[in-house]
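1. Need the 3D shape of this:
(one chain, ligands or ions: 1)
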Amino acid sequence: MEQARAVQATAPLEQRVDAVQSLLEARGLPASQAVEELRHKAEEEWVPRNGARVVAKAWSDPGFKQRLLADGRAAVTELGLSMPKHHRHLVVLENTAQVQNVICCTLCSCTAFTIIGLPPDWYKDLEYRARVVRESRTVLRDICLNHPAATEIRVWDTTADTRYMVLPEQPPHTVGWPEEKLAGIVTRDAMIGVARL
Ligand SMILES: [Fe+2]
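-> Modelled structure (predicted):
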């Protein structure tokens, strides 16, 4: 019995997924279709490119930036983007030469994933989640090579209904670029706040 339990616990992931899928399908629930839809969303729709467009627009259009900082959830709809119902707020945090905002989820892995993309593995790592709060300056120094030491660091802990996004500081040499080109330099890490552009 113990041995059987141990074998079950270590079954390869694919085998476990197949087992769950067969059980669902045996009960008339179309699991493979749902999995395919989710895969499509994760790979094609919930991508950092969305947030990059938002950032580029904010850099180019002061009125949009103002609306974005006031109510992120409403502002992103102007670009045809949306958030799940339970992401009730999108709080956009503006990085400046003096302030670096960093987002995390100390409980699990929450992000505004329809806007900035799904969280990378390191964001979900237990050690990162603990250290970014306790010793944020050291963590930033380790992963953000051009992080200026004098910057004030603000760490924001995501909750189920309040999601964050960092508005990175625009590199001076890109002022006047078209939005499309600006979006091309905005990275997921910059929107999490662990990189400066
Ligand atoms: Fe979470």
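
2. going forward, measure contacts and count neighbours with C-alpha atoms only.
-> Noted.

3. secondary structure element for residue 103?
-> For residue 103, the host element (DSSP states H and E) is strand 99-104.

4. ok, and what's touching that strand?
-> The contact list for strand 99-104 (Cα atoms under 8 Å, 6 or more residues apart in numbering) reads 93-95, 110-111, 123, 129, 132, 151-158, 164-166, 192-194.

5. Pull up the pairing partners for it, direction included.
-> With DSSP bridges as the test, strand 99-104 is paired with strand 152-157 (parallel).

6. Can you point out the buried residues in the strand it pairs with?
-> Burial within strand 152-157, assessed by neighbour count using 16 or more other Cα atoms under 10 Å, is assigned to 153-157.

7. before we move on, what about stretch 63-77?
-> 64-65, 68-69, 72-76.

8. mind putting the residues you listed in CSV, pLDDT, secondary structure and distance to the ion included?
-> Formatted as CSV, the buried residues of stretch 63-77 follow (pLDDT from 0 to 100; DSSP: H, G, I helix; E, B strand; the rest coil; distance: Cα to the ion, whole Å):
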residue, pLDDT, secondary structure, distance to the ion
64, 98, helix, 28
65, 98, helix, 27
68, 98, helix, 23
69, 98, helix, 22
72, 98, helix, 19
73, 97, helix, 18
74, 98, helix, 22
75, 98, helix, 23
76, 98, helix, 21
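
9. quick one: which of these is nearest to residue 54?
-> Within the buried residues of stretch 63-77, the smallest distance to residue 54 is 6.8 Å, found for residue 76 (Cα to Cα).

10. Quick check, the closest one in contact with residue 70.
-> No. With contact defined as Cα atoms under 8 Å, residue 76 does not count as touching residue 70 (11.5 Å).

11. where does this structure dip in pLDDT?
-> Filtered on pLDDT under 70, the chain yields the residue ranges 1-9, 145-147.

12. now the strands for it?
-> For the chain, the strands defined by DSSP state E occupy 89-94, 99-104, 152-157, 162-167.

13. closest to residue 173 out of these?
-> Between those, strand 162-167 lies closest to residue 173; by Cα to Cα that is 17.1 Å.

14. Compile the strands of the chain into TSV and extend it with columns for distance to the ion.
-> Formatted as TSV, those follow (distance: least, Cα to the ion, whole Å):
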stretch	distance to the ion
strand 89-94	14
strand 99-104	8
strand 152-157	9
strand 162-167	10
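
15. I'd like these written out as TSV, with distance to residue 184 added.
-> Shown next, in TSV, are those (distance: least, Cα to Cα, whole Å):
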stretch	distance to residue 184
strand 89-94	19
strand 99-104	21
strand 152-157	26
strand 162-167	15
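
16. which one of those strands lies closest to residue 26?
-> strand 162-167 (37.2 Å).

17. strand partners of the closest one, parallel vs antiparallel please.
-> According to DSSP bridges, strand 162-167 has these partners: strand 89-94 (parallel).

18. count of neighbours near residue 94?
-> By other Cα atoms under 10 Å, the residues close to residue 94 number 17.

19. Great, nothing more from me.
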